[in-house]
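Student: make a model of this:
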Amino acid sequence: MANTCRILDNAKTDYISEKESVPGPCLPYAVTKHCMASIEGKAVFLLGGYKDDYTFSKVQINYLDTQGYPASVYEWEPIADMKYTRESHSCGVVIDSSPEMSLTNSTYYFLVAFGGLTESGSFVPSNTTESLEMKVQKGNEALILDSDWKIQGALPFKAEGIASVATPDGKSLIAVGGSTREPELTFHRDILRLQCWNGNCTWSQWHEDKWLHQGRASAVAMIINTDCEM
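Tutor: You can find the predicted model right below:
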């Protein structure tokens, strides 16, 4: 069967590895202003987005095969909808870092969505944060998803276009910048950190003396190992 999604606007993806670049899994629908996250070697998630004056709350999952490639070019599966519709939002995956959870026979993850525009046609961003709990059982490595999203601690300000990146250990999500349109257009300089303990996720300032030199929104953030030799 031909990969017919390749001709649809905003439904195309590419899968890029160190060896090759190939057509990736077709999105289940054409969409913009969405967010994507992944659990390495397990699955890719598509959260929210915008199309034809409508903002989505729905979430889709595409499982990866044992080699880390999409198991199916076509089959995305719906999972629990977010509490809020979201566009121009941010997302990521965080590991529960509480000692109690580390003693269980599973690793607990949280698929997190935060900020963005949560009402169709609105230009006022949100400060809400929500999460979907997931776990990977040790031994059989099966990914088990919760059935409902949970409201978590709010961002300290309302914003859209926040850049996010997970720390190398997966136990923190770093949020960088973002913008607010009211009462006037403001580009944030904040660098925040989200951590999850015993099922509860909260935001804090990453470092009290660390800020962006210039406020940014819809930017790209990444973590670079400064110990490596170039």
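
Student: I'd like the average pLDDT over the strand or helix carrying Ser57.
Tutor: Taking DSSP states H and E as the criterion, Ser57 maps to strand 54-63. The pLDDT scores in strand 54-63 average 93.

Student: residues of that strand that come out buried?
Tutor: The neighbour-count check on strand 54-63 (16 or more other Cβ atoms under 10 Å) flags Thr55, Phe56, Ser57, Lys58, Val59, Gln60, Ile61, Asn62 as buried. Glycine gets a C-beta too; all of them are placed from N, C-alpha and C.

Student: pairing partners for it, with directions?
Tutor: Strand pairing for strand 54-63, using DSSP bridges, gives strand 43-51 (antiparallel), strand 77-79 (antiparallel).

Student: and of these, who's closest to Lys12?
Tutor: strand 43-51 (13.3 Å; Cβ to Cβ).

Student: for the chain, which spans come out with low pLDDT?
Tutor: Within the chain, the stretches with pLDDT under 70 are 1-10, 66-74, 103, 120-121, 228-230.

Student: point to the residue nearest the middle of it.
Tutor: In the chain, the residue lying closest to the centroid (Cα atoms, centre = their mean) is Cys91, at 2.3 Å.

Student: now that one: closest residue in space, sequence neighbours ignored.
Tutor: In space, and not counting its chain neighbours, Cys91 is closest to Cys35: 4.0 Å by Cβ to Cβ, 6 or more residues apart in numbering.

Student: could you do Tyr108 as well?
Tutor: Nearest non-adjacent residue to Tyr108 (Cβ to Cβ, 6+ apart): Asp96, at 3.9 Å.

Student: residues near the one you found, how many?
Tutor: The number of residues packed near Asp96 is 24, by other Cβ atoms under 10 Å.

Student: I'm done for today, thanks for sticking with me.
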